[in-house]
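Visitor: Next comes the sequence, and after it the predicted model I'd like to discuss.
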Amino acid sequence: MSDIELDKFETRLASPKRNKDQELFETVLAAAVAADRRGFFVEPQTVVDQAPGIDPEKVKLIWLTSKFQKSLADRGIKTTKNPGLTLRQETFLQAYLNPLNLKPPQVVAKQMQIAITELDGWFREKEFAEAMSAKAEDNLRKYIPMADQALGQLIQQGDMKAITFVNQLTGRYDPNAKSNLDIVSFLISVQEIIQKHVRDPITKRNVGRELMALAQGQNGAGTIPEPMPDAIMDSETTIDISLKD
């Protein structure tokens, strides 16, 4: 859209004789006011949604006129969330970050007659970069309900990847989760049970040694047990017998 075309349109709007451009201007302005009253952020696409029969290109042309911006300002309607941006920058962001746009920024800029060098300068500006990031995040949030719906459809079709993903998302299943069992505490509890029910002190000590070895990551069977009294008596008897012989 050239500045000459915009100037001509501005001139027709200022004409004392009522014409089609002025009627279209009033229609677009009414749609913008209706969008604002419904709590929508007023931008060209929002205006088009409020008046489906309006040519989107005409809406963009009217949007760029100083008369339209002044009319909105007089009614307290904000057309930007970033006062630091110029109208050209705001219009570019609205066009490029439109959820239905699939064109790269260079193509959108060329269609809007924005030089690549000027666009490059915008990307280096802090306020422009922050505004672009904020609007991109806002667009992403708009897609979340669509993503949830698509995921639900896959689950209904029995897609195991989708089912696994939902279970991971909700915390019902995590293949990388570590066991919550505290082995050391478990073995100490087992030892306390043994201490309570086993009366023989040597048996208690031997079992305790093996359990502690296991708790330390060692092989419990490798611990040297404390000799039992009956084992000691057997060895002494064997010695006595050998002496008699």
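Guide: Ah, there it is.

Visitor: Quick one: the strands in this protein, in order.
Guide: With DSSP state E, there are no strands along the chain.

Visitor: which intervals of it have sub-threshold pLDDT?
Guide: The model of the chain has pLDDT under 70 over residues 1-6, 79-83, 174-184, 187, 214-245.

Visitor: Would you map out the domains in it?
Guide: Domain assignment for the chain, taken from automatic domain parsing, gives 1-79, 85-174, 183-228.

Visitor: Go through the ones you listed and pick out the most buried.
Guide: The highest mean neighbour count among the domains of the chain, using mean count of other CB atoms under 10 Å, belongs to domain 1-79: a mean of 15. Every C-beta, even on glycine, is put in place using the N, C-alpha and C of the backbone.

Visitor: Off-centre distance for it?
Guide: Between the centre of domain 1-79 and the centre of its chain there are 35 Å (CA atoms, centre = their mean, to the nearest Å).

Visitor: likewise stretch 154-174?
Guide: That offset, for stretch 154-174, works out to 17 Å (CA atoms, centre = their mean).

Visitor: One more: stretch 204-213?
Guide: So, by CA atoms, centre = their mean, the centroid of stretch 204-213 is 51 Å from its chain's centroid.

Visitor: Take it, keep the C-alpha atoms, and write them as CSV.
Guide: Presented in CSV, the C-alpha positions along stretch 204-213 are these (Å, rounded to 0.1, in the frame of the first residue of the first chain):
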residue,chain,number,x,y,z
LYS,A,204,20.0,-60.7,66.4
ARG,A,205,23.5,-59.4,66.0
ASN,A,206,24.3,-61.7,63.0
VAL,A,207,21.1,-60.6,61.2
GLY,A,208,21.8,-57.0,62.0
ARG,A,209,25.3,-57.3,60.5
GLU,A,210,23.9,-58.7,57.2
LEU,A,211,21.2,-56.1,57.0
MET,A,212,23.6,-53.2,57.5
ALA,A,213,25.9,-54.7,54.9
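
Visitor: for this protein, longest helix please?
Guide: Secondary structure of the chain per DSSP state H: the longest helix is helix 126-156.

Visitor: Packing partners of that one?
Guide: Contact partners of helix 126-156 among helices and strands, from 3 or more CB pairs under 8 Å, 6 or more residues apart in numbering; DSSP states H and E: helix 87-96, helix 160-169.

Visitor: In TSV: the ones you listed, plus distance to Val107.
Guide: Listed next are these as TSV, based on distance: least, CB to CB, whole Å:
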stretch	distance to Val107
helix 87-96	9
helix 160-169	34
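
Visitor: what about the ones you listed, which gets the closest to Ile116?
Guide: Smallest distance to Ile116 across the helices and strands packed on helix 126-156 (CB to CB): 12.4 Å, for helix 87-96.

Visitor: Just want the angle from the closest one to helix 126-156.
Guide: Angle, helix 87-96 to helix 126-156, by axes from the mean of the first three to the mean of the last three CA atoms, to 10 degrees: 10 degrees.

Visitor: that older thread, tell me which of the helices and strands packed on helix 126-156 sits nearest to Ala134.
Guide: Judged by CB to CB, the one of those that comes nearest to Ala134 is helix 87-96, at 9.6 Å.

Visitor: Residues contacting the closest one, please?
Guide: Residues from elsewhere that reach helix 87-96, judged by CB atoms under 8 Å, 6 or more residues apart in numbering: 43-45, 60, 63-64, 69, 79-80, 82, 85, 101, 103, 105, 108-109, 112, 114, 119, 122, 128, 131-132, 135.
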